[in-house]
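Asker: next input, structure requested:
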Amino acid sequence: MDENNSDKKSDNISILLEKGNKLFNNGDYKSALLYFDEALILDPKNSKIWDNRGVALSRIGLQDEALESYHMALDLEPDNSQAWSNLGVLYAAQGRFEEAINCFEQSLDLVPDNDEVWNNHGTALFSLEKHEEALKSFNHALNLNPDNAQAWAGKGSAHNFLGEYKKAIESLETFIKLASTDLSPQVEEAWALIFELKMKANVSETEEDEGKK
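Answerer: Sure thing, here's the model as predicted:
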């Protein structure tokens, strides 16, 4: 292939990806897939396109197809940290938490300063009731990004299960501050849990005082 044809091919791929990414960002995942597939016809060994395709497939519920795309991305580029992370998210959504944790750790070995991956790692550990390990991951995420609202929510839940009610309240209150513009059910659940935790904390303090008498 001569240089002009190579440049033209590269330009065409860039145009297809730009259109696909724009549709993806607007939530039109099916249309985005069409452009990703066209780009792969021109560049079938592009790991990042396979990864993008996997995310789009996952968003429309085609998990088996998404799994194949992520594996293709990683076969082509084993050091694709984003593909490892996205594969982990898919495994977690399927309840395959051990496999998810392994993927997140592969991603973190490559890019250790990604707070979102640390948060997802913590969430997967929490789902396996490994609360102390989960807390460490949430703390890693927050050391990297103190404004990671989801990590504060996870941290609060971990403290709760460890019986550390005051720390749980502080963490959940921070989560609410960061997510104050988001009127999601998760924020409402956090308020309800704080109310419950304050009652637990008061009972715990009363029992502690009585034990000292």
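Asker: all contacts plus neighbour counts: C-alpha atoms, from now on.
Answerer: OK.
Asker: pull the contacting residues for the residue most central in space within the chain.
Answerer: When CA atoms, centre = their mean is applied to the chain, the residue found nearest the centroid is Asn120 (4.5 Å). Neighbouring residues of Asn120 by CA atoms under 8 Å, 6 or more residues apart in numbering: 89, 104.
Asker: that one: which element?
Answerer: helix 115-127 (DSSP states H and E).
Asker: and after that helix, which helix or strand comes next?
Answerer: Next in sequence after helix 115-127, counting helices and strands by DSSP H and E, comes helix 131-144.
Asker: so which elements touch that next one?
Answerer: Counting by 3 or more CA pairs under 8 Å, 6 or more residues apart in numbering; DSSP states H and E, the packing neighbours recorded for helix 131-144 are helix 115-127, helix 149-161.
Asker: and the angle from the helix or strand Lys177 falls within to helix 149-161?
Answerer: Assessed by DSSP H and E, Lys177 sits inside helix 165-178. For helix 165-178 against helix 149-161, the angle between stretch directions is 160 degrees (axes from the mean of the first three to the mean of the last three CA atoms, to 10 degrees).
Asker: elements contacting helix 165-178?
Answerer: helix 149-161, helix 185-212.
Asker: could you look over these and pick the most buried one?
Answerer: helix 149-161 (a mean of 25; mean count of other CA atoms under 10 Å).
Asker: pull that one out as CSV, backbone CA atoms only.
Answerer: This file holds the C-alpha atoms of helix 149-161, laid out as CSV (Å, rounded to 0.1, in the frame of the first residue of the first chain):
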residue,chain,number,x,y,z
ALA,A,149,-18.3,10.0,45.2
GLN,A,150,-18.8,6.3,44.6
ALA,A,151,-15.7,5.5,46.5
TRP,A,152,-17.0,7.4,49.5
ALA,A,153,-20.3,5.5,49.3
GLY,A,154,-18.4,2.2,49.2
LYS,A,155,-16.2,3.3,52.1
GLY,A,156,-19.3,4.1,54.1
SER,A,157,-20.9,0.7,53.4
ALA,A,158,-17.6,-1.1,54.3
HIS,A,159,-17.3,0.8,57.6
ASN,A,160,-20.9,-0.1,58.4
PHE,A,161,-20.3,-3.8,58.0
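Asker: now do that helix: distance to the chain's middle.
Answerer: Relative to its chain's centre, helix 149-161 lies at 15 Å (CA atoms, centre = their mean, to the nearest Å).
Asker: circling back to that earlier point, export the helix holding Asn120 as CSV, just CAs?
Answerer: In CSV, the C-alpha atoms belonging to helix 115-127 read as follows (Å, rounded to 0.1, in the frame of the first residue of the first chain):
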residue,chain,number,x,y,z
ASP,A,115,-9.2,5.8,41.0
GLU,A,116,-12.2,4.3,39.1
VAL,A,117,-10.6,0.9,38.8
TRP,A,118,-9.7,1.0,42.5
ASN,A,119,-13.3,1.8,43.3
ASN,A,120,-14.6,-1.0,41.1
HIS,A,121,-12.0,-3.4,42.7
GLY,A,122,-13.4,-2.4,46.1
THR,A,123,-17.0,-2.9,45.0
ALA,A,124,-16.2,-6.4,43.8
LEU,A,125,-14.4,-7.3,47.0
PHE,A,126,-17.4,-5.9,49.0
SER,A,127,-19.7,-8.1,47.0
